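Visitor: next input, structure requested:
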Amino acid sequence: VISGSVALLDETQDAMVRRVDAIYDTTSEVLQQAAHERITTLHAAQRRAEMTLAKAGRDDR
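Guide: Residues are numbered from 1 along each chain as shown. Take a look at the predicted model:
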């Protein structure tokens with residue numbers, strides 16, 4: 001009975017570890033995608049700001 005219980009606990013622990021690993025992998029992918037999207041948005045905003053400043057500089061002449 002004890003060895004069966006230990007085996008069941010081992011299986012349960014292994015399943016939990018696999019589940020946590022899967023959650024970590026999914027979370028990591030989601031965070032990486034969100035970071036990439038944010039960086040892309042910030043780069044676009046920076047380019048727009050640079051173009052606006054360049055245009056303002058031309059308009060001042």
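Visitor: distance of residue 42 relative to residue 19?
Guide: 34 Å (CB to CB, to the nearest Å). Glycine gets a C-beta too; all of them are placed from N, C-alpha and C.
Visitor: what are the ranges of the helices in the protein?
Guide: For the chain, the helices defined by DSSP state H occupy 2-59.
Visitor: any stretches of it with poor pLDDT?
Guide: Along the chain, segments meeting pLDDT under 70 span 61.
Visitor: same thing but at 80, please
Guide: Within the chain, the segments meeting pLDDT under 80 span 1, 59-61.
Visitor: centroid-nearest residue for it?
Guide: In the chain, the residue lying closest to the centroid (CA atoms, centre = their mean) is residue 31, at 1.1 Å.
Visitor: that one: what's it in contact with?
Guide: Counting by CB atoms under 8 Å, 6 or more residues apart in numbering, residue 31 makes contact with nothing.
Visitor: swap in residue 8?
Guide: Taking CB under 8 Å, 6+ apart as the definition, residue 8 has no contacts.
Visitor: quick one: it and residue 20, what's the gap?
Guide: Relative to residue 20, and taking CB to CB, residue 8 is found at 19 Å.
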